[in-house]
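Novice: Return a 3D structure for these sequence lines:
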Amino acid sequence: MSLPNRFEDTYLDFTENVFKSNKSSIISKVSTKPLKSGGASFKTNVLVEKSSSKYVYKPSIGAALFSFIFLAVGLGVLFYGLFPLFKSNYETTSINWFLLVFGLIFSSAGGVLFFNFYKPRVFDKQLGVYYKAYNVDIHKIRKDTSNKYIILKSIVALQIIGEHVKSDKGSYKSFELNLVLEDASRKNVVDHGNLKSIIDDAHVLSQFLNVPIWHAKSNDDQ
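Specialist: I've put the predicted structure just below:
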C-alpha cells in the first residue's frame, strides 16, 4: 500500500514539533544558577582538536604557571625547613615546624592544582562519550553509574553562565561552560574568567556535537 504524498512532510513536522516541545520542557527545568561556586579569574584551559572525532581540553600556560608557583614555593619552603635534618648534630628543637606546615600546605595545593588542571576533558565521538579522567576503561562506559562518562547523545545543549566572584582581595567575573543533559541535569566542563574563550569554545563544540548554546543570565541579575 502506497503512503500519501504528504506523509513524509507530516511526519517531519510532527517530529520537529515533538523536539521543540521536549526542548521547551528541558529549558524550563534547567537551572540558570552557577553550577560551581567560585572559579578562576584567568583562562585555565585551552580547547584543542586532536582529530576530526576528538576535542580535548588542556591546561593553559597561565594554569600551568599558577600550579608550578604553588608547588615550587611549597617544596622550597619544605626543603628549607627540613635542612637541619641533614646536619650531623641537629636537634629536634632546631626544626622550624611552621615552615614545615607552610611548605606542606603550599606543595599539596600545587599538587592538587596540577592534578585538576591537567586532568583531560575529552569529547570523543569514536567512543561516543565525554569524560574527565586520566584513564578510560571502554568496558565500563555503558555500565557507568557515577557519571564519569557522559554519553554524547544525551547532551542537548551547551550552557554559558557568568558569575560575579567576591573575595577579600577584590572581585572578578568567572564564566562556566556546562553540558545540559536530556534529564535537565548539568555537567561542568570549564570555569574561568576569559569570556571570549568560553564563547569561542562553545561555538566549536556546538558544531561538533550539533547542539545549541543556551546563555543564562549572570547570578547578579537573578
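
Novice: Report the contact partners of the nearest residue to residue 211 once chain neighbours are set aside.
Specialist: For residue 211, ignoring the flanking residues on the chain, the nearest one in space by C-beta to C-beta, 6 or more residues apart in numbering is residue 157 at 5.2 Å. Placement of C-beta: from N, CA and C, glycine included. Going by C-beta atoms under 8 Å, 6 or more residues apart in numbering, residue 157 touches 26, 30, 179, 180, 211, 212, 213, 214.

Novice: quick one: what helix or strand has residue 157 in it?
Specialist: strand 155-167 (DSSP states H and E).

Novice: in that strand, what's buried?
Specialist: 155, 156, 157, 158, 159, 160, 161, 162, 163, 165 (16 or more other C-beta atoms under 10 Å).

Novice: The third one and residue 34, how far apart?
Specialist: Residue 157 sits at a distance of 17 Å from residue 34 (criterion: C-beta to C-beta, to the nearest Å).

Novice: what's the answer for the first one, then?
Specialist: Residue 155 sits at a distance of 19 Å from residue 34 (criterion: C-beta to C-beta).

Novice: Start and end of stretch 190-197, how far apart?
Specialist: This stretch, stretch 190-197, spans 11 Å end to end (C-alpha to C-alpha, to the nearest Å).

Novice: wait, residue 211 sits on residue 153?
Specialist: No. Checked against C-beta atoms under 8 Å, the pair residue 211 and residue 153 is beyond contact range at 10.1 Å.

Novice: Who has more neighbours out of those two?
Specialist: Using other C-beta atoms under 10 Å as the criterion, residue 211 and residue 153 rank with residue 211 on top: 17 against 10.

Novice: Touching the helix or strand that contains residue 208 from outside, list them.
Specialist: Assigned by DSSP H and E, residue 208 belongs to helix 195-209. Contact with helix 195-209 is made by 43, 46-47, 49, 55, 123, 125, 152, 155, 158, 160, 162, 173, 175-177, 190, 192, 212-213, as judged by C-beta under 8 Å, 6+ apart.

Novice: Next, the buried residues of the strand or helix carrying residue 116.
Specialist: Assigned by DSSP H and E, residue 116 belongs to helix 97-118. Residues of helix 97-118 classed as buried by neighbour count (16+ other C-beta under 10 Å): 99, 102, 103, 106, 107, 110, 113, 114, 117.

Novice: From the chain's centroid, how far away is it?
Specialist: 22 Å (C-alpha atoms, centre = their mean, to the nearest Å).

Novice: I'd like the next helix or strand past it.
Specialist: Sequence-wise, the next helix or strand downstream of helix 97-118 (DSSP H and E) is strand 121-124.

Novice: Put the alpha carbons of that next one into CSV.
Specialist: Extracted C-alpha coordinates of strand 121-124, given in CSV (Å, rounded to 0.1, in the frame of the first residue of the first chain):
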residue,chain,number,x,y,z
ARG,A,121,38.4,16.8,29.5
VAL,A,122,37.7,14.8,26.3
PHE,A,123,34.8,14.8,23.8
ASP,A,124,35.3,11.6,21.9
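
Novice: Partner strands of that strand, with direction?
Specialist: strand 54-59 (antiparallel), strand 129-132 (antiparallel) (DSSP bridges).

Novice: who's in contact with the first one?
Specialist: In other words, strand 54-59. 44-50, 67, 117-118, 120-126, 189-190, 204-205, 208.

Novice: sorry, back to before: lowest pLDDT pick from the buried residues of helix 97-118?
Specialist: Ranked by pLDDT, the buried residues of helix 97-118 bottom out at residue 114 (76).
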